[in-house]
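Enquirer: have a look at this fold, sequence not included:
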């Protein structure tokens, strides 16, 4: 049999969307011997990833540097006053995005993945059309993987202009740093923007539709963030749902359903995202959806056997780490090869982080959720004020909270509020995934002085 015939017999993947899910599915499928075509209409690396996640964290890093400099006297330094150069910041963001896109593209091409720039439509369960700048192309597919991501959700009562009324993608960075920003939405994205622009020098008002920020998080964690916001001068409008935005001269006025209104120079809408599915022709093919998200089973397979969905479009946890793992699992399942003992994704064990100041991270079972289902747990909490490293760093805010089974000692979950929480949560995430016990953590020999020592102390 010739090499050509072998190539023709290879499983053909057509992947729509080049974000973390699509990239991971493409590289893993190619390594397992598949022929792979990846179609992307925007940016290799994913719009949600490279136009939302990465620039927001880069701007937060700039804000954190400003905050550090502002408190440098507490560290025994006198470095003067620093200011934002918006053009340099914009150049920095574009540079990071370009480097990441180039790196991802090189990885894909090194695996012989064919990259097609265009907008994809499913003609049938085995045919995908890509509309490119040079015309249309059709591709036969044994396996189709849908990874088209999401975009900011815009309420019907407003029309962002990208200048004064912003979506999240207008804010990396905006044309100028707002004098007074009103953030609508107190979920993960909203609170990150509050922290970001407060650090960059804006006055900030946050519209909170519930009675706490981060309504899906541990109330103690949310309370710690609220306390920090209030200490920094953030105005909180609790129990207020925005219903209109008016631009009047130099003012932007956000009106709420309880009669209150907030006045600022800019407003930013951060009320979640919605899936990109409209151009795929899913209904005609019998691919079931729910509110625009593809209905998938535990293998990420849709109601059409050879069509899978991953990333934001799957309606699971909208995290880049989850999307990447989904892509890998799809490649392994579709190819019928498991490169390691196969485990289905357990979304309850996915670690997540919020890049505010202090940082917030959690994984596994939360204290409030355990009480809600009547599960007995052991809760231990250690404040960073007892950490030598936190005192050395000049930031002793926050705590480590560990949730474990009182009978077996198995670690069930945990929350961290404090500096480097996004890094520290990895230890608890590993414990939750591997079924480790508090004794395993307590008897681990961590570095001293280090913030991670608080994890062992919480396990005692």
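Expert: Here it is on my side, so go on. Small disclaimer: the values here were computed from a predicted structure and weren't measured.
Enquirer: what's the first helix or strand after the strand or helix carrying residue 105?
Expert: Using DSSP states H and E, residue 105 falls within helix 86-110. The helix or strand immediately downstream of helix 86-110 is strand 114-117, counting by DSSP H and E.
Enquirer: and the contacts of that next one?
Expert: Here strand 114-117 makes contact (CB atoms under 8 Å, 6 or more residues apart in numbering) with 18, 36-41, 44, 105, 108-109, 130, 132-133, 137, 139. Using the backbone N, CA and C atoms, a C-beta is placed for each residue, glycine as well.
Enquirer: most neighbours out of those residues, which is it?
Expert: Within the contacts of strand 114-117, residue 18 tops the neighbour count with 32 neighbours, counted by other CB atoms under 10 Å.
Enquirer: per-residue pLDDT of that residue, please?
Expert: With respect to pLDDT, residue 18 has a value of 95.
Enquirer: my guess is it meets residue 38, correct?
Expert: Yes - if you go by CB atoms under 8 Å, residue 18 and residue 38 touch, sitting 5.6 Å apart.
Enquirer: and the helices in the chain, which stretches?
Expert: Assignment of helices within the chain using DSSP state H yields the ranges 3-9, 20-31, 47-48, 54-70, 86-110, 188-199, 219-231, 282-285, 320-335, 367-372, 388-393, 421-434, 438-442, 453-458.
Enquirer: closest to residue 407 out of the ones you listed?
Expert: Across the helices of the chain, the minimum distance to residue 407, taken as CB to CB, is reached by helix 438-442, at 11.8 Å.
Enquirer: how far is that closest one from where the chain is centred?
Expert: For helix 438-442, the separation from the chain centroid amounts to 29 Å (computed by CA atoms, centre = their mean, to the nearest Å).
Enquirer: just stretch 160-169 next, same as before
Expert: When distances are taken as CA atoms, centre = their mean, stretch 160-169 is centred 20 Å away from the chain's centroid.
Enquirer: could you pull out the strands for the stretch 251-400 of the chain?
Expert: 251-256, 261-264, 266-269, 273-275, 289-290, 293-294, 307-309, 352-354, 360-364, 378-383, 399-404 (DSSP state E, counting those that start in this stretch).
Enquirer: so where's the stretch 251-400 of the chain uncertain?
Expert: Scanning the stretch 251-400 of the chain for pLDDT under 70 picks out the ranges 338-342.
Enquirer: how is this structure carved up into domains?
Expert: 3-48+90-151+274-335, 165-271, 358-458 (automatic domain parsing).
Enquirer: quick one: residues contacting the residue nearest to the spatial centre of the chain.
Expert: The centroid of the chain falls nearest to residue 319 when counting by CA atoms, centre = their mean (4.2 Å). Listed by CB under 8 Å, 6+ apart, the contact partners of residue 319 are 350, 352.
Enquirer: which of the strands of the stretch 251-400 of the chain sits most buried?
Expert: Across those, averaging neighbours per residue (mean count of other CB atoms under 10 Å) puts strand 307-309 on top, at a mean of 29.
Enquirer: which strands and helices lie in contact with it?
Expert: Packing contacts for strand 307-309, counted by 3 or more CB pairs under 8 Å, 6 or more residues apart in numbering; DSSP states H and E, involve strand 143-146.
Enquirer: got a list of contacts for the strand it packs on?
Expert: The contact list for strand 143-146 (CB under 8 Å, 6+ apart) reads 11-17, 21-22, 25, 29, 34, 122, 125-126, 128, 277, 280, 294, 302, 306-310, 313, 327, 330, 334.
Enquirer: please spell out the PyMOL selection for the buried subset of those residues.
Expert: Restricted to buried positions by 16 or more other CB atoms under 10 Å, the PyMOL selection for the contacts of strand 143-146 reads:
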select buried, resi 11+12+13+14+15+16+17+21+22+25+29+34+122+125+126+128+277+280+294+302+307+308+309+310+313+327+330+334
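Enquirer: which non-adjacent residue is nearest residue 57?
Expert: Of all residues not flanking residue 57 in the chain, residue 355 sits nearest, at 5.6 Å (CB to CB, 6 or more residues apart in numbering).
Enquirer: phi and psi next, for the one you found.
Expert: phi -90, psi 60 (degrees, to the nearest 10).
Enquirer: so what's it up against?
Expert: Counting by CB under 8 Å, 6+ apart, residue 355 has contacts 56-57, 60, 192, 195, 422.
Enquirer: which among those residues count as buried?
Expert: Neighbour counting by 16+ other CB under 10 Å classes 56, 60, 192, 195, 422 among the contacts of residue 355 as buried.
Enquirer: ok, the residue nearest to residue 57 to residue 228 distance?
Expert: Computed as CB to CB, to the nearest Å, the residue 355 to residue 228 distance reads 13 Å.
Enquirer: residue 308 reaches residue 302, doesn't it?
Expert: Yes - the pair residue 308 and residue 302 passes the contact test of CB under 8 Å, sitting 6.4 Å apart.
Enquirer: which residues are common contacts for these two?
Expert: Counting by CB under 8 Å, 6+ apart, the shared contacts of residue 308 and residue 302 are 146, 296.
Enquirer: for residue 240, find the nearest of the strands of the stretch 251-400 of the chain.
Expert: strand 251-256 (3.9 Å).
Enquirer: please name every helix or strand in contact with that closest one.
Expert: For strand 251-256, the elements it packs on are strand 180-184, strand 242-248, strand 261-264, strand 266-269, judged by 3+ CB pairs under 8 Å, 6+ apart.
Enquirer: pull up the pairing partners for the longest one, direction included.
Expert: Spelled out, that is strand 242-248. Next to strand 242-248 in the sheet, as set by DSSP bridges, lie strand 251-256 (antiparallel).
Enquirer: gap between residue 218 and residue 120?
Expert: Taking CB to CB as the criterion, residue 218 is separated from residue 120 by 40 Å.
Enquirer: ok, the two, which is more surrounded?
Expert: Set residue 218 next to residue 120 and count neighbours by other CB under 10 Å: residue 120 wins out with 27 against 20.
Enquirer: now do the contacts for the closest residue to residue 395 other than its chain neighbours.
Expert: Distances taken as CB to CB, 6+ apart put residue 419 closest to residue 395, at 5.1 Å, once the chain neighbours are dropped. Contacts for residue 419 (CB under 8 Å, 6+ apart) come out as 358-359, 384, 390, 393, 395, 397-398, 451.
Enquirer: now those residues in a markdown table, with distance to residue 343?
Expert: Listed next are those as a markdown table, based on distance: CB to CB, whole Å:
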| residue | distance to residue 343 |
| --- | --- |
| 358 | 33 |
| 359 | 28 |
| 384 | 34 |
| 390 | 36 |
| 393 | 37 |
| 395 | 37 |
| 397 | 36 |
| 398 | 32 |
| 451 | 30 |
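Enquirer: which one of these sits closest to residue 153?
Expert: Once CB to CB is applied, the member of those that ends up nearest residue 153 is residue 359, at 25.1 Å.
Enquirer: that closest one - nearest residue in space that isn't next to it in sequence?
Expert: In space, residue 359 is closest to residue 421, 3.8 Å off (CB to CB, 6+ apart).
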